[in-house]
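Engineer: here is a sequence with its predicted model. Questions after.
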Amino acid sequence: MNVFWHRRDLRLRDNRGLAMAARDGEVLPVFVVEEELLRRIGDRQRAFFIAGLHELREAYRERGADLLVCEGDPALALADVRERYDVDAVYYTTHYRPARCNRERRVERRFPTVAAVDLTLVDPTDLAPAYPSHSEFYDDWTAGPKPDPAPAPDPDRLVDPDEDRDLPALEAEFELPAAGYEAARRRYDRFLGDGIETYAETRDDLSAAVDRPVGAVSRMSPYIAAGMIGIREVWADATDRHERVAGAARRNVEKFRYELSWREANYHLLAHDPDLLSKNHKEFPNTIAWRNDDADFAAWKRGETGYPLVDAGMRQLEREGYIHNRPRQVVASFLTKHLLVDWQRGARHFEAELLDHDPATNYGNWQWVASTGTDTVDVRIFDPVAQTAKYDPDADYVREYVPALREVPAGKILEWPTLDRAERQRLAPDYPGPIVDRDAAYERAQRVFESALGKR
Ligand SMILES: Cc1cc2nc3c(=O)[nH]c(=O)nc-3n(C[C@H](O)[C@H](O)[C@H](O)COP(=O)(O)OP(=O)(O)OC[C@H]3O[C@@H](n4cnc5c(N)ncnc54)[C@H](O)[C@@H]3O)c2cc1C
């Protein structure tokens with residue numbers, strides 16, 4: 001009998017390690033509750049993950065099997081399982097975050113193991129260790145073979161352990177989307193029905209994001225991050241659609257597939273740079289003179305910077321545990337450039353708050369935005385005012401998340417950081433003025449990064 005050790009892969013379909021374990025024999029599915037690890041996940045994501053675990057158990061029960069729940073250090077818990085069941089090998093999904101890799105090494109020292117490349121479409125270790133740009137990564141990644149979705153295990157292969165140990169209790173303090181594979185599938189079907197064929201046209205349109213949160217973009221990230229749906233399944237459906245449509249629809253579907261390549265690039269980065277979560281990926285000849293002002297950081301977290309798009313993004317994070325990708329870039333840039341707060345503080349805040357937190361994607365993107373990662377532009381600074389004018393010209397997104405600005409005309413919202421104090425007071429006395437001057441902060445960031453790069 002084989003054990004499949006579930007981690008961030010809460011599904012039966014398109015789970016490559018589980019499929020391999022079932023191909024090679026009977027499978028006992030196991031989840032090891034590690035209190036310490038669960039505590040480190042943000043509250044909202046933990047609640048979602050636990051709900052997904054309950055769904056996973058239900059899926060096994062519907063197939064006449066069950067999830068064996070253990071506790072503690074995985075190497076010791078799995079050793080205990082081995083003593084009680086006749087276990088040949090432990091199968092699991094390969095992870096790239098160092099703490100998770102260490103756990104895998106400890107398990108490998110005790111048992112025969114089979115690790116499956118499951119988190120990505122293309123094995124990051126099959127690609128070159130580094131690429132000068134995303135387009136070069138993309139070319140190699142596109143050429144790399146992408147496996148079909150793995151089949152769900154035959155129920156006859158699944159073992160019912162006949163032990164009824166409780167999963168961590170459901171946590172009800174957040175309003176969460178439905179968890180688990182079925183919910184992920186429903187959401188993806190909705191997007192495939194109305195969204196994917198217009199994706200490139202709507203993905204940066206913040207007004208559309210308010211009108212059609214699922215549709216303008218997929219909102220699949222919480223499910224993909226928790227492994228509630230397999231990435232090959234997502235890819236296969238998008239590819240199938242891509243082959244069946246033409247013209248603009250095809251270009252839109254292609255854009256969606258292209259976005260998935262960014263996720264793969266982040267995994268590739270983490271696989272080859274295990275320090276991605278704790279150190280600048282790029283080497284600088286001089287240190288970056290972060291200001292790390294605590295009051296600025298606190299204002300950013302509260303969504304009270306006086307930059308409407310930044311504040312709307314941060315309040316969406318607080319309300320939903322999610323930020324649309326466009327303001328996600330803008331808030332990260334504002335923190336690391338206009339406020340010169342170290343990207344690690346922002347990334348850790350996101351880690352604690354996001355429902356879709358994914359270590360490779362979060363830290364890879366923070367480093368990209370902070371110009372410490374793989375961006376080919378030396379110093380990229382998103383101007384929050386220009387970004388609002390371009391992507392939220394009617395201020396629909398800002399008004400949705402910043403109630404104090406609901407009655408303010410869009411034109412004034414766009415100009416807010418440069419309006420004079422008397423006008424701001426008249427228009428929205430409860431909303432703050434800018435905590436930094438738009439031009440001065442921009443220029444300061446430029447100077448600081450150019451000095452770090454040795455260009456001044
Ligand atoms: C500072 C910062 C931090 C981020 N942290 C995370 C994170 O923790 N978890 C996370 O899933 N995404 C993260 N992203 C990427 C991106 O913002 C989200 O994936 C996206 O907004 C999720 O919404 P969606 O599912 O509707 O995306 P869609 O636009 O529908 O895209 C579909 C899928 O493609 C992938 N994807 C899209 N854009 C990106 C991107 N830029 N980088 C990597 N993958 C992408 C995601 O898996 C996403 O679910 C971050 C971006 C930034 C700028």
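Structural biologist: Arrived safely, thanks for sending. Numbering: from 1, shown residues only.
Engineer: separation between Glu136 and Pro417?
Structural biologist: For Glu136, the distance to Pro417 (C-beta to C-beta, to the nearest Å) stands at 38 Å. No exception for glycine: its C-beta is placed from N, CA and C like everyone else's.
Engineer: out of those two, which sits in the busier spot?
Structural biologist: Set Glu136 next to Pro417 and count neighbours by other C-beta atoms under 10 Å: Pro417 wins out with 22 against 12.
Engineer: my reading is that the more buried one lies in a helix. Confirm?
Structural biologist: Yes: according to DSSP: H, G, I helix; E, B strand; the rest coil, Pro417 belongs to a helix.
Engineer: skip the chain neighbours and tell me the closest residue to it.
Structural biologist: Of all residues not flanking Pro417 in the chain, Pro434 sits nearest, at 4.0 Å (C-beta to C-beta, 6 or more residues apart in numbering).
Engineer: for that neighbour, phi and psi?
Structural biologist: For Pro434, the backbone dihedrals (degrees, to the nearest 10) come out as phi -70, psi 140.
Engineer: next one, pLDDT for it please.
Structural biologist: The per-residue pLDDT reported for Pro434 equals 98.
Engineer: for Pro384, same thing?
Structural biologist: So Pro384 comes in at 98 (pLDDT).
Engineer: and the gap between it and Asp439?
Structural biologist: 12 Å.
Engineer: tell me where the chain has strands.
Structural biologist: Along the chain, counting by DSSP state E, strands occupy 2-6, 27-33, 68-71, 89-93, 113-116.
Engineer: ok, which of these comes nearest Leu158?
Structural biologist: Leu158 lies closest, by C-beta to C-beta, to one member of those: strand 27-33, at 5.7 Å.
Engineer: quick one: average pLDDT of the closest one?
Structural biologist: Strand 27-33 comes out at a mean pLDDT of 98.
Engineer: next, the buried residues of that strand.
Structural biologist: Neighbour counts over strand 27-33 (16 or more other C-beta atoms under 10 Å) mark 27-33 as buried.
Engineer: where does the chain come near the ligand, residue by residue?
Structural biologist: 203, 217-221, 224-225, 259-260, 262-263, 266, 324-325, 328-329, 332, 350, 354, 356-358, 361-362, 365-366, 369 (C-beta under 6 Å from any ligand atom).
Engineer: now list the buried members of those residues.
Structural biologist: 203, 217-221, 224-225, 260, 262-263, 266, 324, 328-329, 332, 350, 354, 356-358, 361-362, 365-366, 369.
Engineer: so which of those are in helices?
Structural biologist: 221, 224-225, 260, 262-263, 266, 328-329, 332, 350, 361-362, 365-366, 369 (DSSP state H).
Engineer: any stretches of the stretch 1-150 of the chain with poor pLDDT?
Structural biologist: Along the stretch 1-150 of the chain, no part satisfies pLDDT under 70.
Engineer: find the closest residue to the ligand in it.
Structural biologist: Here the stretch 1-150 of the chain gets closest to the ligand at one residue, Gln45, 9.3 Å apart by C-beta to the nearest ligand atom.
Engineer: can you count the residues close to that residue?
Structural biologist: 23.
Engineer: verify the stated contact: it with Gly321.
Structural biologist: Yes: shown here, Gln45 and Gly321 form a contact pair, counting by C-beta atoms under 8 Å, at 7.2 Å.
Engineer: so what sits against both of those two?
Structural biologist: Taking C-beta atoms under 8 Å, 6 or more residues apart in numbering as the contact rule, Gln45 and Gly321 both touch 222, 354-356.
Engineer: sorry, back to before: quick check: the residue nearest to Pro417 vs Ala265, distance?
Structural biologist: Pro434 is 34 Å from Ala265, by C-beta to C-beta.
Engineer: how distant is stretch 429-447 from the center of its chain?
Structural biologist: 28 Å (C-alpha atoms, centre = their mean, to the nearest Å).
Engineer: please apply the same query to stretch 406-423.
Structural biologist: 33 Å.
Engineer: contacts for it next, please.
Structural biologist: 306-308, 384-385, 388-389, 393-395, 398-399, 405, 424, 427-428, 431, 433-434, 438.
Engineer: pull out the buried members of those residues.
Structural biologist: 306-308, 384-385, 388-389, 395, 398-399, 405, 424, 427-428, 431, 434, 438.
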